[in-house]
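**Q** Fold the following.
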Amino acid sequence: MCVRYFRLLASTLVAAVFVAACTSAPTQEMSDARQAIYSARSADAAAYAPRSMDSAERLLGQAEQSLKQGRYDVARDDALEARQAAMKARQVAVAIADARAALEHAKTRGNAWVSVEVLIDEAQTAGQQGDESRAWELATEAKRRLQ
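**A** Residues are numbered from 1 along each chain as shown. Now for the predicted structure:
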């Protein structure tokens, strides 16, 4: 009987340690989300993918609130989603900015690239409307045409 009690106690302690480890504060995830948002802002993602940027900032705010309330699992999930949204916004912003830079470079060589300019404008519109996948595709195609 003592052996059973000891085994039960040991397994309970192991389970408690495991649960405590799983519910630790999501320090790294919060930091990653903040860095991704900072990077997206630096790339002017709010101008090119405002919905994703708004979503990233809203999710980070929710994560911070959940963290204060000790709801670490919710904070972790929101921080991870915030990071993803910020990374998507940055990707779109960089693609459009790169395409615009390539277009300006082509113009300095005296080339007229009206069709590429239209693609870039369409990419920017798609990003502003929340269709980041389409925005990235259009910007990438514009840059490809300039090479």
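**Q** So which residues of the chain form helices?
**A** For the chain, the helices defined by DSSP state H occupy 2-22, 27-42, 45-48, 50-68, 72-108, 114-128, 132-146.
**Q** and the fourth one, what does it pack onto?
**A** Contacting helix 50-68 under the criterion 3 or more CB pairs under 8 Å, 6 or more residues apart in numbering; DSSP states H and E are the following elements: helix 27-42, helix 45-48, helix 72-108, helix 114-128. Bear in mind the C-beta positions are built from the backbone N, C-alpha and C, glycine included.
**Q** Make CSV from the ones you listed and add distance to Asp54 to it.
**A** Output for those, formatted as CSV (distance: least, CB to CB, whole Å):
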stretch, distance to Asp54
helix 27-42, 11
helix 45-48, 8
helix 72-108, 9
helix 114-128, 11
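**Q** So for Leu138, which of these sits nearest?
**A** Leu138 lies closest, by CB to CB, to one member of these: helix 114-128, at 3.6 Å.
**Q** residue ranges with poor pLDDT in this protein?
**A** 1-22, 111-112 (pLDDT under 70).
**Q** try 50 this time
**A** 15-17 (pLDDT under 50).
**Q** List the contacts of stretch 94-106.
**A** Stretch 94-106 is contacted by residues 43-44, 48, 113, 116-117, 119-120, 123-124, 127, 135-136, 139-140, 142-143, 146-147 when judged by CB atoms under 8 Å, 6 or more residues apart in numbering.
**Q** Would you check how far apart the nearest residue to Met30 once chain neighbours are set aside and Ser42 are?
**A** Nearest non-adjacent residue to Met30, counting by CB to CB, 6 or more residues apart in numbering: Ala79, 5.0 Å away. According to CB to CB, to the nearest Å, Ala79 and Ser42 sit 19 Å apart.
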